[in-house]
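Student: below: sequence and its predicted model.
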Amino acid sequence: MKISIDFFSLTKKALFVGLILLLTDALMILWAQAIQAATTDHVVISEVQTDGFVGNGGSADDFVELYNPTDTPVDLSTWSVQKTTGTGTSPAKVNLTGTIPAHGFYLVTRSDASQALLDLADDIGSSSFSVSNNNVVFLVSNQETISGADDIDIVDLVGLGSAQIFEGAGATANPPEEGSVERKSGEINNATAGNGYDTDDNLADFMSNDISDPQNSSSDPELPPGEEPGDGAGDESPADHIVISEIQTDGTAESGGTDDDFVELYNPTDTDINLTGYVLKRTTGTGTGMETIELSGTIPSTGYFLVVKDDPDTNQDLKNLADLLDGDLGITNNNVIWLEDDLGSTVDLVGFGTAETFEGTATAPNPGGGESIERMSGPVHEKNAGNGYDTDENSVDLFTQTSPNPQGSSSDPGDEPGDEPGDDPVKIISSKVRLIATGAKATAGAIAPAKPSVGKVVLPDVKSHIPNLKGWPKLPTVPKPVF
């Protein structure tokens, strides 16, 4: 039997199929780019719950949640969340105090909310900060009461219900009873992606939730649509030396002081490092009251080393974790802590609060009550990864940790960001350990000169090391709302 093959016909069919596949790929790329293009480049209002509960006569569980869609933590300590009626009258505000993580959240509520919501909140306003149906909520890059809906310091706003102030074509709906309105992750909402969709149209950008889902700065980060987990984390600015990875101070407004001070070090390299000859130093924010602690022992590769204050009042569980106990360790808010190697070179330095010495353009935040400051694992913090992110910028590299997690050389090593997840290095310690901190005034004086350093920070004349720029710059690229 003779078989005849029409090669010309087959070629046409193959070309047709290939063309269809190419067009499909192109459309998919354009669709993905369109979704990402609508993800904004600044902090946004991501969820709002009002206090209007028809069924039970009202509730104080109103909240405002913020989301940071960028790859960098943002210091909110000079920002505020404000609200007005739908016509812009009766303003009320909450001044913010902390940092919102990259791809993370920040939660604001009022003082008479339920205890469960208060426990979640990053900042708590007075009872007068009552967000009702038909109100307008503003995110503002300073702490002055806004002059009106066209105030240039408004970063984002959401009009609810019948509000006459909104972005775009109209206000979003009032939240359903016991529910909320939430910003979408994209034109097609993905419940596991970050809420960063912003077309400057409240009506299009928000949706109703029957059950609200408030998240705070300790919640797991959520990436914008189109980004894979681990993108950006660990592929920028990994340290090649020991870093100061977590600090707990002893200042606590609640009880007048605690002795659970600690400094945790992290070794991001692939080599164990002998700490003989290394010293840890601390001063006030203006350079007085120098304390020097001589280190000994070894910090494992991708492992930790924990220095704890040796005091009868120090929690015993914390002492049991320590690699070194030292009675001279006395850390308060607004201090400067740095590590020197056996040659006297500064290896790493952290200034926090109002300290005049720091790496970069601004200090790390002071920890609040029951908190510490912890180094990021990368531009997007991964809880299972080592704390080795170092851009020489304290305000970016460290964030407020609401659940302090001291780790020593016996703790599980941290995975490098971007590696396959390994054992979680989080060391669970007794619930009795509540590591609490608050502010303390630094005394005047000049910082003591250090030995010449080939490290990253030279301490002599360190006040002129880099200009001390308080707060974060304004956001001139933020699009103005359309009213």
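Tutor: Yes, it's here. Residues are numbered from 1 along each chain as shown.
Student: is it true that residue 65 lies in a strand?
Tutor: Yes: the assignment for residue 65 by DSSP: H, G, I helix; E, B strand; the rest coil puts it in a strand.
Student: now for it: which residues touch it?
Tutor: 45, 46, 47, 48, 105, 106, 107, 108, 214, 215 (Cβ atoms under 8 Å, 6 or more residues apart in numbering). C-beta: built from backbone N, CA, C; applies to glycine.
Student: name the SS class of the second one, please.
Tutor: The three-state label given to residue 46 by three-state DSSP is strand.
Student: returning to that earlier point: of the contacts of residue 65, just say which sits nearest to residue 393.
Tutor: Sorting those by distance to residue 393 puts residue 106 at the head of the list, at 20.0 Å, by Cβ to Cβ.
Student: what are the bridge partners for the closest one, then?
Tutor: Per DSSP bridges, the residues bridged to residue 106 are residue 66.
Student: who are the contact partners of it?
Tutor: Residue 106 neighbours (Cβ under 8 Å, 6+ apart): 43, 65-68, 76, 96, 98, 100, 122-123, 216-217.
Student: select only the buried ones of those residues in ChimeraX?
Tutor: Applied in ChimeraX, the following selects the buried portion of the contacts of residue 106 according to 16 or more other Cβ atoms under 10 Å:
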select :43,65,66,67,68,76,96,98,100,122,123,216,217
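Student: so which of the contacts of residue 106 are in helices?
Tutor: Among the contacts of residue 106, none falls in helices (DSSP state H).
Student: all the helices of the stretch 251-400 of the chain, in order from the start?
Tutor: Assigned by DSSP state H, counting those that start in this stretch, the helices in the stretch 251-400 of the chain fall at 316-321, 394-397.
Student: just name the most buried of those.
Tutor: Compared across these, helix 394-397 shows the largest average neighbour count, a mean of 26 (mean count of other Cβ atoms under 10 Å).
Student: what helices or strands is that helix leaning on?
Tutor: The contact analysis (3 or more Cβ pairs under 8 Å, 6 or more residues apart in numbering; DSSP states H and E) places helix 394-397 against strand 346-351.
Student: rewinding a little: now render the helices of the stretch 251-400 of the chain as TSV, adding mean pLDDT and distance to residue 162.
Tutor: Listed next are these as TSV, based on pLDDT from 0 to 100; distance: least, Cβ to Cβ, whole Å:
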stretch	mean pLDDT	distance to residue 162
helix 316-321	90	54
helix 394-397	89	41
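Student: mind putting the contacts of residue 106 in TSV, pLDDT and distance to residue 176 included?
Tutor: Converted to TSV, the contacts of residue 106 look like this (pLDDT from 0 to 100; distance: Cβ to Cβ, whole Å):
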residue	pLDDT	distance to residue 176
43	95	26
65	97	16
66	96	21
67	95	21
68	92	26
76	94	29
96	95	27
98	90	30
100	91	27
122	93	25
123	95	25
216	92	22
217	89	26
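Student: out of the contacts of residue 106, flag the one nearest to residue 289.
Tutor: Proximity of the contacts of residue 106 to residue 289 was ranked by Cβ to Cβ; the top entry is residue 98 with 26.7 Å.
Student: gap between that closest one and residue 71?
Tutor: Remark: distance between residue 98 and residue 71 (Cβ to Cβ, to the nearest Å) = 19 Å.
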